[in-house]
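Participant: just the structure for this:
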Amino acid sequence: MRFAVIPTTGRPCLEACVNAIAPHVDRTILIYTVPWHEEQIRTFADAAGNILFMRDVRGPNISRWWNMGLNIAQSIAKVKEKDDWYEVAIINDDVIVPGGWVGAVSEGLRTHGAAAACSGGPYANAIVHHAPGPVHLATRMQGFAFMLAGEKGIRADERFRWYYSDDYIDWVARTMGGMVMVPGFQVDHLFPNQQMTGELQEFCAEDAQRFKDMWGMMPW
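Facilitator: This next block holds a predicted model:
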């Protein structure tokens, strides 16, 4: 099975985001985080079909939101999948994936026996990283749109509340089979960093120090 996990604050681009990826996965899981847009999101989810809805209003924590979706996907896959494998695409609610993205990233993931995969980069062939550590920025895992091999059981570290959670997943994935970047299929990331607040800036500073303490180096 294939899943998409999308944490959302109800931004206007959510419908386009879901419409781009939902036809290519078996379930789309929305982790909804802003209570005053709840009716809007529920109405959209009902209309779109094949969408699961989970509310979380405990405060911003991108790692927790990702883990909520990953746990839901795992619980469904355990019932539906007899071959004990499944894939989870994790994307921001302001990302529009191009046609063929899910299939191409999935193929790269499985061809290379990787734990995580994404797309992009200025290269003609797939780039695979197996060791934690800084790499050329164009080849690091794109944290706004990536896919995990669900059966590997990777989860975000919820101590990283806003930044560096994707870097943590990237580096862990490298130790569990690799992180692969497939060429082409550039995703459209509409509004990077536009939700930054004073609180989130504080989280980012704390996340940066925690990452350095954990790994002994910074990812970039």
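Participant: which strand or helix spans N71?
Facilitator: helix 62-80 (DSSP states H and E).
Participant: distance from the chain centre to that helix, please.
Facilitator: How far helix 62-80 lies from its chain's middle: 12 Å, per Cα atoms, centre = their mean, to the nearest Å.
Participant: ok, the helix or strand following it: who's next to it in the sheet?
Facilitator: Later in the chain than helix 62-80, the nearest helix or strand by DSSP H and E is strand 87-91. Sheet pairing for strand 87-91, assigned by DSSP bridges, gives strand 2-8 (parallel), strand 145-149 (antiparallel).
Participant: contacts for strand 87-91?
Facilitator: 1-6, 17, 21, 25, 66, 69-70, 73, 97, 102, 105-106, 109, 144-150, 187 (Cβ atoms under 8 Å, 6 or more residues apart in numbering). Where C-beta positions appear, they are placed from N, C-alpha and C, glycine not excepted.
Participant: who does F53 bridge with?
Facilitator: L30.
Participant: circling back: mind listing what's buried in the helix holding N71?
Facilitator: Across helix 62-80, burial judged by 16 or more other Cβ atoms under 10 Å covers 62-70, 72-74, 76-77.
Participant: state the mean pLDDT of that helix.
Facilitator: Helix 62-80 carries an average pLDDT of 92.
Participant: between the two ends of stretch 156-167, how far is it?
Facilitator: Using Cα to Cα, to the nearest Å, the end-to-end distance of stretch 156-167 comes out at 10 Å.
Participant: what are the ranges of the helices in this protein?
Facilitator: Remark: helices assigned in the chain by DSSP state H are 14-21, 38-48, 62-80, 101-111, 165-175, 198-215.
Participant: now the spatially most central residue of the chain, nearest residue through space, not along the chain?
Facilitator: Central residue of the chain (Cα atoms, centre = their mean): I90, 2.5 Å from the mean position. Distance criterion Cβ to Cβ, 6 or more residues apart in numbering; nearest residue to I90, sequence neighbours excluded, is V5 at 4.8 Å.
Participant: OK, contacts around that neighbour?
Facilitator: Each residue near V5 by Cβ under 8 Å, 6+ apart is listed here: I29, I31, W66, G69, L70, I72, A73, V88, A89, I90, I91.
Participant: try 10 Å
Facilitator: Shown in contact with V5 (Cβ atoms under 10 Å, 6 or more residues apart in numbering): 25, 27-31, 52, 54, 65-73, 88-91, 148.
Participant: please apply the same query to Y163.
Facilitator: With contact taken as Cβ under 10 Å, 6+ apart, Y163 is in contact with 62, 143, 193, 196, 200-201, 203-208, 211, 219.
Participant: switch these over to CSV; also include distance to R161.
Facilitator: What follows is those, written out as CSV (distance: Cβ to Cβ, whole Å):
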residue, distance to R161
I62, 7
G143, 14
N193, 15
M196, 13
L200, 8
Q201, 12
F203, 4
C204, 9
A205, 11
E206, 8
D207, 6
A208, 12
F211, 12
P219, 16
